[in-house]
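J.: Sequence and predicted structure are below.
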Amino acid sequence: MPIRPVAKTFWKLQVNMINRRIPVAVALLVCFLCTASQAQQLTFDAFTEVENIQNNVGVLNTWDVNTTSNWILPTNAQAKFKFGDSVTFGSPDGGIDLLNPLFAVNVEANFTAVDKVNQMTLGQTPVGLRYSFQGNAIQGNSLVVNNSLGGAFDNGTNIFGSVVMSSTFIGTLDGTGTISASSFNAKSGIIAVNLAGSGGFTMDNVGSSAISVTLSGTGNTFSGGTNVNVGTLNANSAGSLGTGSVSVASGATLNFGASNVVSDSATLSVSGTLNVSSFSDSVGVVTLSGGTINGTGTLNATSLALQSGTISANLAGSAALTKTGAGTVTLTGTNTYSGGTTVSEGTLIASSIGTGNVSVTNGAFLQTDLTLGAGQVLGGSGTLTGNLVFNSGAILNLDPGLTNIMTITGTMSFTNFKLTSLTGFDWQNATAGTYRLLNGGSATFDATSNTFDNQFNLGGGRFGYFQSGSLDLIITAVPEPSSLALLLVGGLGLTIRRRVRL
C-alpha cells in the first residue's frame with residue numbers, strides 16, 4: 001500500500017483515563033471491549049514526542065484500525081507517530097471516530113468489495129487542519145461530520161447509507177472523489193465534493209433557522225431531490241441540486257449562485273424565498289404557495305401553478321400559468337411564457353402576462369392591462385381590472401347562454417371586431433334582440449368592425465352589429481335605418497344605371 005503523509009502526533013484509544021492513572025489491566029480490558037463491539041475511537045493526542053518527529057526516528061507505519069497493535073502498545077505506552085505514517089481502514093465491527101487531530105490527517109482506505117464500517121465520524125480539528133482521504137474508496141453505513149473543518153475525498157466513490165453534516169461543521173468537504181448516499185442531511189458548511197446516489201439533500205435543524213449550507217460541486221447527480229426546510233442553501237454551481245425535485249419551505253431561503261442549478265425536468269416548489277438573482281434556469285413545474293421568487297433572472301418552466309406570493313423574476317418557456325386558491329399572486333417581471341393564463345380563484349396582479357389564451361373564472365380577478373392578438377382567446381366570467389385591447393384576429397369565448405359574462409373595469413378597444421370573432425354563443429341562430437357580451441366601461445371600435453354602420457348580414461332577413469358602452473350585440477330582423485338607407489341608395493343607383501342603358 002502507498003504510504004501517505006500523516007499527523008505529526010500520537011494516536012491513542014480514547015478511554016476515560018483520568019491523568020492516565022488507571023491500572024494497565026483495566027485500560028487493556030476497556031480497549032478489548034471497545035474494539036470488540038462499539039465504535040473504535042482514534043484520538044490525535046496533544047501528548048507528543050517532538051524528538052521522534054523532528055529527528056525522523058522510527059519506521060514508517062501503516063496503522064490498521066482492525067487491530068490494536070499499532071495504536072496501543074503492550075506496555076500501554078503512547079504509540080509513536082512519525083511523519084509519513086498512514087492509517088488504514090479495514091472491516092471493523094463497529095464505527096470509526098477520528099478525533100482531535102493536531103496536524104493534517106491523511107487516511108488510507110483498504111477496502112474489499114464487502115468491507116464496510118458502521119459509522120465514520122470526523123471529529124473536531126483545530127483551525128486550519130483537515131482530513132485527507134486517499135487510496136481506495138470507503139464504504140459505511142453512515143458518515144458524520146461533526147465539529148470539523150472537513151476534508152478532501154480524493155479516493156473515488158465513497159458509499160454511505162447516510163451522510164450528516166452537523167450544525168457545528170464550519171469547514172469544507174471537497175476533493176476529486178464522490179460521496180454517494182441514500183440520504184444527505186446538512187446543517188452548515190461548504191460541500192464542494194460531488195454528491196451522488198439515490199439520496200435526497202435535506203436542510204433540517206429543528207428549532208433554529210440560523211444555519212447556512214453551500215453546494216458547489218460541479219458534478220452532483222444525487223436523485224432524491226433537495227429540501228430546504230430551514231436556513232439558507234446557496235447553490236453555487238450548475239447542476240449543484242442534482243436531478244430531483246426542489247422545495248423551499250416557509251421561512252427558508254434558496255439562493256442561486258449560477259445558472260442551471262436545477263434539473264430541467266425538476267419540480268420547483270416555493271413556500272419560502274427563492275433568490276434567482278440575475279441567473280436563468282430551465283425547470284419543470286414551478287409552484288408558489290405563500291412564497292417569494294426574487295431577482296431579475298429568468299425561469300423557463302413547463303408549468304406555473306401559483307396560489308399566493310410574489311414573483312419579480314421573469315417567467316418564460318412553454319408554461320401555462322394557473323392561479324388557484326383564494327390568495328393573491330403578484331408578478332412584476334417581464335413575462336413571456338407562451339401557454340396562456342388561467343385565473344381560477346383569487347387575484348392575479350401582473351405588470352405583464354405571457355402569450356396564449358386568457359381565462360378568468362367567475363369570482364376571480366385579473367389585474368393587468370390586457371392586449372390580445374390574433375389567435376388569442378379571452379374567456380371566462382370573472383373580472384379584468386384594467387384596460388382591454390382586442391386586436392384583429394383575437395377571439396372572445398362566451399358562455400353559451402350569456403348568463404355569466406366577464407366584467408372589464410377599464411376601457412375596451414376593438415380592431416376589426418366581427419361577429420365571427422365570437423365563439424361559444426350561437427349568434428348565427430339568435431333571434432332579434434340585445435345581447436350583453438361584456439360588462440364594463442366604454443367600448444370603441446375601428447371602421448372595419450361590425451358596428452352600426454357596418455352591420456353583419458346573418459341571413460334570413462337578420463342583421464347584427466356591436467354597440468359601444470358595455471359590449472352589446474344587437475340583432476335586428478331588418479337592417480337598422482342607416483344601413484337600410486345605404487341599401488336603398490345602392491338599389492336606386494342600380495335602377496337608374498339600368499334605365500340609362502336602355
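T.: Noted; the coordinates are in hand.

J.: residues near T434, how many?
T.: 10 (other C-beta atoms under 10 Å). C-beta here means a position set from N, CA and C on the backbone, and glycine is covered the same way.

J.: Which residues are in contact with it?
T.: Residues near T434 by C-beta atoms under 8 Å, 6 or more residues apart in numbering: 467, 472-475.

J.: Which positions in the helix or strand where it lies come out as buried?
T.: Assigned by DSSP states H and E, T434 belongs to strand 433-445. Residues of strand 433-445 classed as buried: 435, 437-438, 440-441, 443, 445 (neighbour count, 16 or more other C-beta atoms under 10 Å).

J.: Mind listing what's buried along stretch 312-329?
T.: For stretch 312-329, a neighbour-count test (16+ other C-beta under 10 Å) marks 312-317, 319-325, 327-329 as buried.

J.: What's the end-to-end length of that stretch?
T.: 11 Å (C-alpha to C-alpha, to the nearest Å).

J.: pLDDT on that stretch, on average?
T.: The average pLDDT for stretch 312-329 rounds to 98.

J.: and stretch 218-234, average pLDDT?
T.: Predicted confidence along stretch 218-234 averages 95 (mean pLDDT).

J.: Pull out the buried residues from it.
T.: 220, 222, 224-234.

J.: okay, and for the stretch 351-500 of the chain, where does confidence drop off?
T.: Within the stretch 351-500 of the chain, the ranges that satisfy pLDDT under 70 run 479-500.

J.: Kindly export the helix or strand where I159 lies (C-alpha atoms) in PDB.
T.: In this structure, I159 sits in strand 157-165 according to DSSP H and E. What follows is strand 157-165, C-alpha atoms only, in PDB (Å, rounded to 0.1, in the frame of the first residue of the first chain):
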ATOM      1  CA  THR A 157     -16.700   6.900  -5.000                       C
ATOM      2  CA  ASN A 158     -17.300   6.600  -1.200                       C
ATOM      3  CA  ILE A 159     -20.600   4.900  -0.500                       C
ATOM      4  CA  PHE A 160     -22.600   5.500   2.700                       C
ATOM      5  CA  GLY A 161     -26.100   4.800   3.800                       C
ATOM      6  CA  SER A 162     -26.400   8.400   5.200                       C
ATOM      7  CA  VAL A 163     -24.300  11.500   5.400                       C
ATOM      8  CA  VAL A 164     -24.900  14.100   8.200                       C
ATOM      9  CA  MET A 165     -23.100  17.500   8.400                       C
END
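
J.: For Q367, state which of the buried residues of stretch 312-329 is nearest.
T.: Within the buried residues of stretch 312-329, proximity to Q367 (C-beta to C-beta) peaks at T328, which comes in at 9.1 Å.

J.: and the nearest residue to that closest one once chain neighbours are set aside, how far is that from V285?
T.: Of all residues not flanking T328 in the chain, T347 sits nearest, at 4.5 Å (C-beta to C-beta, 6 or more residues apart in numbering). Counting by C-beta to C-beta, to the nearest Å, the separation of T347 from V285 is 22 Å.

J.: With M406 instead?
T.: Where V285 is concerned, M406 sits at a distance of 28 Å (C-beta to C-beta).

J.: Looking at those two, which is more packed in?
T.: Using other C-beta under 10 Å as the criterion, M406 and V285 rank with M406 on top: 26 against 16.

J.: Now for A447, how many residues are close by?
T.: Counted with other C-beta under 10 Å, A447 comes out at 9.

J.: Mind checking what secondary structure it has?
T.: coil (DSSP: H, G, I helix; E, B strand; the rest coil).

J.: circling back to that earlier point, just the buried residues of stretch 218-234: which are in strands?
T.: Mapping the buried residues of stretch 218-234 onto strands (DSSP state E) picks out 226-228, 232-234.

J.: mind listing what N146 touches?
T.: Going by C-beta under 8 Å, 6+ apart, N146 touches 121-124, 164, 166, 168-169.

J.: Check the separation of the first and last residues in stretch 169-181.
T.: 19 Å.

J.: got a list of what G290 touches?
T.: Residues in contact with G290 (C-beta under 8 Å, 6+ apart) are 250, 271, 307-309, 327.

J.: G217: what's it in contact with?
T.: 191-195, 237, 240.

J.: swap the cut-off to 10 Å and go again
T.: By C-beta atoms under 10 Å, 6 or more residues apart in numbering, the residues touching G217 are 173-174, 178-179, 191-196, 236-237, 239-240, 242.

J.: With N439 instead?
T.: With C-beta under 10 Å, 6+ apart, N439 has these contacts: 381, 383, 405-409, 470-471.

J.: What is the nearest of those to T292?
T.: T383 (25.4 Å).

J.: what's the next secondary structure element after the strand holding I159?
T.: Sequence-wise, the next helix or strand downstream of strand 157-165 (DSSP H and E) is strand 172-174.
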